[in-house]
Every structure is written in structure tokens, then in C-alpha cells.
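Colleague: Here is my input, please return the structure:
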Amino acid sequence: MFKVFLTKSYKDIAKKTELEDEVVKLVKNRFYTDSYNGAMIENYAYLITMKDSGVPVGYCDLRVGDEIALKYLGNIGYNIFEHKQGQGLAAHAARLLVELARKMGLKKITITCNTDNVASIKTIEKLEAVLVATVNVPANEPLFHQGDYIKYIYEIDLTKENENEL
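Modeller: Got it, this is the predicted structure:
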């Protein structure tokens with residue numbers, strides 16, 4: 001087995017960047033490199049906590065690497081614990097990850113979701129991401145084997161300054 005290291009500059013930026021807003025704080029959980037769909041992907045995983053109490057409410061991650069390998073998975077993932085869903089917490093966390101991606105110097109990010117995932121669609125719309133495609137997930141894609149057959153693919157151009165300040 002071989003050892004793969006995270007890109008030093010990305011890891012340094014992630015380590016130094018405090019990710020919090022008025023509602024949530026992202027607590028560094030695990031930074032690691034993994035193989036996904038034939039490519040090495042860097043993962044920056046965080047626990048989502050309530051800023052005022054520190055109570056965990058979910059988790060999220062920023063994935064950086066080969067755009068083709070990440071086409072159906074996307075750069076950002078999030079999951080809010082069931083008892084805390086419906087409060088917009090995923091959007092708060094995702095905005096913070098968008099800012100981290102911008103600090104890392106990424107030019108754009110992709111966020112995907114299943115076409116029947118109404119909550120995720122609402123979260124992505126809050127980020128003002130642009131829907132660029134609706135695609136069938138190929139049978140050789142790992143997500144297909146977990147039941148993800150059709151995906152919406154959204155993008156956020158990180159080279160533009162957002163008037164609403166993600």
C-alpha cells in the first residue's frame with residue numbers, strides 16, 4: 001500500500017481557516033486523501049456544530065481533485081441530523097465550504113444532488129448555484145451502486161464576486 005499526502009497548500013489553508021458564521025461552526029474532523037472513481041481526491045471533513053452551544057448537528061466535506069472523477073459526486077457534501085433538518089443549517093455549512101474553496105484558489109465548484117432530494121435542491125438554490133445539467137449516472141459510477149440514478153449538477157463560479165456574499 002502506498003501513502004498519499006494532501007496537497008500541502010490546500011491542507012495548510014484548511015488548517016488555518018476558521019469556518020463559522022452567525023449560526024454554525026465547522027469543526028475540523030479529518031483531512032485525508034482517498035481514491036474515488038479512479039482518481040485521488042482530497043477530502044476536508046468537518047462536524048457541523050451550533051455556534052452558540054457547540055452541539056453537533058451534522059457533517060460536511062469539501063472534496064478537491066479531478067473534475068471528471070467528481071462529476072457525479074461533486075465538491076461539497078453535507079448531511080444534517082434528522083432532528084435538526086429544515087432549519088437551513090446545510091446552507092450555512094455549504095456557504096462556509098464555498099468560501100474555503102475560494103481561499104484554496106479553486107475556480108469553480110460542483111454540487112450535485114439526486115433529482116428527488118427536495119431539501120438538497122433548496123439548499124443548493126440558497127447558494128445561488130447554477131443548474132448546468134441533469135444527467136443519468138452511468139452504471140460504472142460508484143454512486144449508481146448505492147441507488148443514485150439521476151443527478152442534478154450545479155456549479156458555482158468562484159472567480160466572480162457574489163453580490164450577496166456567499
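
Colleague: need the next SSE after the lengthiest helix in the chain, C-terminal direction.
Modeller: Of all the segments of type helix in the chain, defined by DSSP state H, the longest one is helix 89-103. The first helix or strand that comes after helix 89-103 along the chain, using DSSP states H and E, is strand 108-114.

Colleague: tell me the angle the longest helix of the chain makes with strand 108-114.
Modeller: Here helix 89-103 runs at an angle of 150 degrees relative to strand 108-114 (axes from the mean of the first three to the mean of the last three CA atoms, to 10 degrees).

Colleague: E22 versus the nearest residue to M50 once chain neighbours are set aside, what's the distance?
Modeller: In this structure, M50 finds its nearest non-sequential neighbour in V57, 5.9 Å apart by CB to CB, 6 or more residues apart in numbering. Just so you know, the C-beta spots here come from the backbone N, C-alpha and C atoms, and that holds for glycine as well. Counting by CB to CB, to the nearest Å, the gap from V57 to E22 is 15 Å.

Colleague: And those two? Which one has more around it.
Modeller: Taking V57 and E22 together and counting by other CB atoms under 10 Å, V57 has the greater number of neighbours (22 against 7).

Colleague: In contact with the more buried one, which residues?
Modeller: Listed by CB atoms under 8 Å, 6 or more residues apart in numbering, the contact partners of V57 are V24, I48, T49, M50, I80, F81, K84, L89.

Colleague: again, but for I76
Modeller: C60, D61, L62, R63, A94, L97, V98, A101, I109, I111.

Colleague: how about these in JSON lines, adding distance to E128, neighbour count and pLDDT?
Modeller: Formatted as JSON lines, those follow (distance: CB to CB, whole Å; neighbours: other CB atoms under 10 Å; pLDDT from 0 to 100):
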{"residue": "C60", "distance to E128": "18", "neighbour count": "25", "pLDDT": "98"}
{"residue": "D61", "distance to E128": "21", "neighbour count": "20", "pLDDT": "98"}
{"residue": "L62", "distance to E128": "18", "neighbour count": "26", "pLDDT": "98"}
{"residue": "R63", "distance to E128": "20", "neighbour count": "22", "pLDDT": "98"}
{"residue": "A94", "distance to E128": "11", "neighbour count": "26", "pLDDT": "98"}
{"residue": "L97", "distance to E128": "15", "neighbour count": "25", "pLDDT": "98"}
{"residue": "V98", "distance to E128": "10", "neighbour count": "22", "pLDDT": "98"}
{"residue": "A101", "distance to E128": "15", "neighbour count": "24", "pLDDT": "98"}
{"residue": "I109", "distance to E128": "12", "neighbour count": "27", "pLDDT": "97"}
{"residue": "I111", "distance to E128": "11", "neighbour count": "23", "pLDDT": "98"}
